[in-house]
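**Student:** Build me a model:
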Amino acid sequence: MKRYDVVLIGRAGIDLYSDDLGAPLDQARHFMKYVGGTTANTAVGCARYGMKVALITKVSKDPLGKFIKDYLSRNGVDTSYIKEDPEAFVGIVFAAIFPGKDPEFIFYRPPGLTADLRITKRYHD
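**Tutor:** Purely as a prediction, here's the structure:
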């Protein structure tokens, strides 16, 4: 049986941050892709501090889901409890950065279609 310091359950998604600093989302033209979600970010942070970490979530069974799993694995998070859902999508967040001010966010996480919102008690389906 594996032993962990931390096991987290929750969101792992894609954040698209605008490279056009100070431009609102309706004017942003260039974006960079990152793994996002408080839970995924916390898992990576714990792993970077030397903890044994596992993340329980669902991702899409497509290149975005693979991107998330690969990133987490490279950063020391056990991804063996991350399931791929072939019928769902990864949630996406668009963000505009305004130096010295609060960022602007738009979340695309349709209920019933977003993988991490489809986690159930019957996790091992």
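**Student:** Show me the helices in this structure, by range?
**Tutor:** Taking DSSP state H as the criterion, the chain carries its helices at 38-48, 63-74.
**Student:** In JSON lines: those, plus distance to residue 14, mean neighbour count and mean pLDDT.
**Tutor:** For the C-beta atoms, the positions are set from N, CA and C on the backbone; glycine is no exception. Shown next, in JSON lines, are the helices of the chain (distance: least, CB to CB, whole Å; neighbours: other CB atoms under 10 Å; pLDDT from 0 to 100):
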{"stretch": "helix 38-48", "distance to residue 14": "10", "mean neighbour count": "19", "mean pLDDT": "97"}
{"stretch": "helix 63-74", "distance to residue 14": "6", "mean neighbour count": "17", "mean pLDDT": "98"}
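**Student:** can you redo the ones you listed as TSV with distance to residue 2?
**Tutor:** As requested, the helices of the chain are exported to TSV (distance: least, CB to CB, whole Å):
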stretch	distance to residue 2
helix 38-48	14
helix 63-74	15
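**Student:** tell me which strands and helices the longest strand along the chain is in contact with?
**Tutor:** Looking across the chain with DSSP state E, the single longest strand is strand 53-60. Packed against strand 53-60 by the contact rule (3 or more CB pairs under 8 Å, 6 or more residues apart in numbering; DSSP states H and E) you find strand 6-9, helix 38-48, helix 63-74, strand 77-78, strand 82-85.
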